[in-house]
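**Student:** I'd like to go over a predicted model; first the sequence, then the structure.
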Amino acid sequence: MGSNQSWVTEFVLVGFELSADVEVLLLWVFSLFYILSLSANGVILGLICLDSSLHTPMYFFLSHLSVIDMSYASTNVPKMLANLVSQNRTISFVPCIMQTFLYWSFAITECLLLVVMSYDRFVEICHPLQYTVIMNWRVCTVLAVTSWSCGFILALVHAILLLRLPFCGPREVNQLFCEIMSVLKLACADTWINQVVILAVCVFGLVGPLCLMLVSYMRILWAILKIQSKEGRTKAFSTCLSHLCVVGLFFGIAMVVYMVQDSSQREEQEKILSLFHSLFNPMLNPLIYSLRNAQVKGALYRALQKKRST
């Protein structure tokens with residue numbers, strides 16, 4: 001590069017190009033959803049910690065999912081809300097890379113955690129007599145720590161590869177936050193290594209886990225069909241339905257965003273999908289689990305009764 005080449009020290013998050021009135025409306029709507037997301041996940045986390053009936057492997061992993069969802073939303077949404085208030089939509093280089101790192105950390109961790117939760121459902125339904133032996137607390141802790149560690153290590157690889165790239169202009173990120181594919185388009189060097197690593201991580205973090213979950217649920221479905229009583233089949237299937245809904249939302253959106261060929265016509269749709277992934281999905285997860293789960297509703301009822309009595 002020439003000596004007169006300037007280096008980018010900050011990016012501009014383009015976001016949705018809307019009128020001021022619409023942006024104010026979106027600010028209130030997104031703020032409400034963000035508060036609901038934090039509150040719902042916080043309630044689920046509090047119930048699991050305080051109610052002894054929820055001290056089981058299934059709810060242990062669900063508590064980690066709640067922590068991830070709160071962290072996931074908090075990585076991008078506050079900056080997104082700030083951009084709706086201010087016309088200055090810049091973000092410095094280091095915070096942008098940090099945003100990318102945290103987003104990928106929580107996304108990969110959630111993928112792996114959903115696989116672990118599907119394995120937990122598989123063991124409980126297909127091997128009920130051995131469940132407490134197989135899914136003991138040591139195994140649960142190792143699975144949770146492994147999911148978090150893999151998420152942060154793989155995200156760190158992305159961040160390091162991103163830091164080695166020169167950015168000399170343009171500086172407009174055509175997204176709501178520092179999404180890695182949008183940032184890579186602004187690099188002044190060949191990004192093939194980054195793209196290969198992203199593809200590898202998508203295979204490891206999306207396709208691989210999805211295949212493992214499909215195998216688990218095929219075995220689960222086969223075991224449910226062999227249950228004699230209709231009541232037993234319904235109960236076994238209901239324990240998996242909430243997890244299947246969460247898996248469908250998370251992996252469906254993620255595969256559309258990262259595994260489908262990019263094009264200029266898809267940029268606005270990808271912004272909406274990214275918004276759903278960052279804001280709506282973390283809000284829907286606790287609602288799906290609480291509305292369809294009798295144990296969670298029972299724990300909430302007991303907590304409210306205890307509060308009234310005191």
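**Tutor:** Perfect, thanks for sending it.

**Student:** Only C-alpha atoms from now on, for both contacts and neighbour counts.
**Tutor:** Fine.

**Student:** Low-confidence stretches in the stretch 101-250 of the chain?
**Tutor:** Low-confidence segments of the stretch 101-250 of the chain (pLDDT under 70): 239.

**Student:** hey, where'd the strands end up in it?
**Tutor:** Remark: strands assigned in the stretch 101-250 of the chain by DSSP state E, counting those that start in this stretch are 172-173.

**Student:** For Glu179, the count of nearby residues, please.
**Tutor:** Number of residues near Glu179 (other C-alpha atoms under 10 Å) recorded here: 22.

**Student:** what's near enough to touch it?
**Tutor:** Shown in contact with Glu179 (C-alpha atoms under 8 Å, 6 or more residues apart in numbering): Thr100.

**Student:** Give the full set of residues in contact with Gln130.
**Tutor:** Counting by C-alpha under 8 Å, 6+ apart, Gln130 has contacts Val123.

**Student:** Could you check how far it is from Ile224?
**Tutor:** Gln130 sits 17 Å away from Ile224, going by C-alpha to C-alpha, to the nearest Å.

**Student:** Could I have the CA atoms of stretch 102-116 written out in CSV?
**Tutor:** Extracted in CSV, the C-alpha atoms of stretch 102-116 (Å, rounded to 0.1, in the frame of the first residue of the first chain):
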residue,chain,number,x,y,z
LEU,A,102,-18.8,-12.0,21.8
TYR,A,103,-21.5,-12.6,19.2
TRP,A,104,-19.8,-15.7,17.8
SER,A,105,-18.8,-16.9,21.3
PHE,A,106,-22.4,-17.0,22.5
ALA,A,107,-23.8,-18.3,19.2
ILE,A,108,-21.4,-21.3,19.0
THR,A,109,-21.9,-22.0,22.7
GLU,A,110,-25.7,-22.0,22.3
CYS,A,111,-25.3,-24.4,19.3
LEU,A,112,-23.3,-26.9,21.3
LEU,A,113,-25.5,-26.5,24.4
LEU,A,114,-28.6,-27.3,22.3
VAL,A,115,-26.8,-30.5,21.2
VAL,A,116,-26.1,-31.4,24.9
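
**Student:** hmm, who's touching that stretch?
**Tutor:** Here stretch 102-116 has contacts from 61, 65, 68, 71-72, 75-76, 143-144, 147-156, 205-206, 209-210, 212-213, 243, 247, 251, using C-alpha under 8 Å, 6+ apart.

**Student:** cool, stretch 157-167 as well?
**Tutor:** Contacts to stretch 157-167, defined as C-alpha under 8 Å, 6+ apart, come from residues 7-8, 97-98, 100-101, 184, 186-189, 191, 193-194, 197-198.

**Student:** next one: stretch 51-67
**Tutor:** By C-alpha under 8 Å, 6+ apart, stretch 51-67 touches 41-42, 44-45, 47-49, 110, 113, 116-117, 120-121, 135-137, 140, 144, 286, 295-296, 299.

**Student:** any idea of the mean pLDDT for that stretch?
**Tutor:** Mean pLDDT, stretch 51-67: 89.

**Student:** Show me the helices in the stretch 201-310 of the chain, by range?
**Tutor:** Counting by DSSP state H, counting those that start in this stretch, the stretch 201-310 of the chain has helices at residues 208-225, 230-259, 267-275, 281-291, 294-309.

**Student:** Just say which of those is most tucked in.
**Tutor:** Ranked by mean neighbour count, these are led by helix 281-291 with a mean of 21 (mean count of other C-alpha atoms under 10 Å).

**Student:** got the angle between that helix and helix 294-309?
**Tutor:** Put simply, helix 281-291 runs at 80 degrees to helix 294-309, going by axes from the mean of the first three to the mean of the last three C-alpha atoms, to 10 degrees.

**Student:** Show me how far helix 281-291 is from its chain's centre.
**Tutor:** Centroid separation for helix 281-291 versus its chain: 12 Å, with C-alpha atoms, centre = their mean, to the nearest Å.

**Student:** tell me which strands and helices it is in contact with?
**Tutor:** Using 3 or more C-alpha pairs under 8 Å, 6 or more residues apart in numbering; DSSP states H and E, the elements in contact with helix 281-291 are helix 20-50, helix 57-85, helix 230-259, helix 294-309.

**Student:** re earlier: buried only: go through the contacts of stretch 102-116 for me.
**Tutor:** Neighbour counting by 16 or more other C-alpha atoms under 10 Å classes 61, 65, 68, 71-72, 75-76, 143-144, 147-148, 150-152, 154-156, 205-206, 209-210, 213, 243, 247, 251 among the contacts of stretch 102-116 as buried.

**Student:** you'd agree Gln175 is up against Glu17?
**Tutor:** No: using C-alpha atoms under 8 Å, Gln175 is not in contact with Glu17, being 10.7 Å away.

**Student:** quick one: which of these two has more around it?
**Tutor:** Gln175 (23 against 8).

**Student:** before we move on, the earlier item: out of the contacts of stretch 157-167, which is most surrounded?
**Tutor:** Going by other C-alpha under 10 Å, Phe101 tops those with 27 neighbours.

**Student:** Great, nothing more from me.
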